[in-house]
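[1] Any chance you could fold what I've pasted below:
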Amino acid sequence: MGSYGGKELASALRTVRKNTVQIAEDIPESKYAFVPAPGTRSVADLLKHITFAPWLFEDMHKDKKVSTLQGYDFPAFMQRAGAYEKSVRTKEEIVAALKGDGERFASWVETLPPAFLMETYTDPTGANPKTRFESLHSAKEHEMHHRGQLMLIERLIGITPHLTRLMEERMRARAS
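    Okay, here's the model as predicted:
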């Protein structure tokens, strides 16, 4: 088995983001205010959350190069990200942010050497070490989690998700 490093993770991040962008493009802007249940994010807010979540990983591992989360100022980070999220309002701006920020993050990840990816950091108690690779990989998992929510929202508003459409097309082609 070959190694899975920064280049492979960046490729996976690009694939995940490409699918998220497709969903963002498939949902009409008139449905961006749709909230599927009380207490949940609207389509627009969920897409913006997906867009800016990787900023946390960049802040921790690129900018601050943390060795522990003890003393990490999560509220200050959330305030900074939240202010930027509010500045992105239209579907066009959200899709552009998804594309641009996704590529910026993936481009950085693909440059990371194995030694950096294997460095560890600890939780706020100084325990439970994780590698930077595990943390960066969780950015992909986070987006996939929310993309699943978006695919359900698509169903609720009458859209067949693009991945389902592609699978159905392959099945039809095999049947003929």
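
[2] what about stretch 110-118, how long is it end to end?
    Here the two ends of stretch 110-118 are set 14 Å apart, with distance taken as Cα to Cα, to the nearest Å.

[3] Residue nearest the middle of the chain, spatially speaking?
    residue 143 (3.4 Å; Cα atoms, centre = their mean).

[4] Now do the contacts for that residue.
    Going by Cβ atoms under 8 Å, 6 or more residues apart in numbering, residue 143 touches 16, 17, 20, 50, 53. Every C-beta, even on glycine, is put in place using the N, C-alpha and C of the backbone.

[5] What's the separation between the third one and residue 92?
    Yep, that's residue 20 we're talking about. 16 Å (Cβ to Cβ, to the nearest Å).

[6] The strand or helix carrying the residue nearest to the centre of the chain: how far from the chain's middle?
    Using DSSP states H and E, residue 143 maps to helix 132-156. How far helix 132-156 lies from its chain's middle: 6 Å, per Cα atoms, centre = their mean, to the nearest Å.

[7] hmm, back to that, more neighbours: which of residue 20 and residue 92?
    Neighbours per residue (other Cβ atoms under 10 Å) separate residue 20 from residue 92, with residue 20 holding more: 22 against 10.

[8] Just the pLDDT at the closest residue to the more buried one other than its chain neighbours, thanks.
    Once flanking residues are discounted, residue 20 sits nearest to residue 147: 5.3 Å by Cβ to Cβ, 6 or more residues apart in numbering. pLDDT recorded at residue 147 is 96.

[9] again with the one 3 residues further on
    The predicted local distance difference test score for residue 150 is 98.

[10] how far away is it from residue 20?
    Residue 150 is 7 Å from residue 20, by Cβ to Cβ.

[11] Which parts of this structure are strands?
    120-121, 130-131 (DSSP state E).

[12] Show me what the least confident helix or strand in the chain by mean pLDDT is packed up against.
    The helix or strand with the lowest mean pLDDT-type score in the chain, counting by mean pLDDT, DSSP states H and E, is helix 74-87 (a mean of 91). Helix 74-87 is packed against helix 43-52, helix 54-58, with contacts defined by 3 or more Cβ pairs under 8 Å, 6 or more residues apart in numbering; DSSP states H and E.
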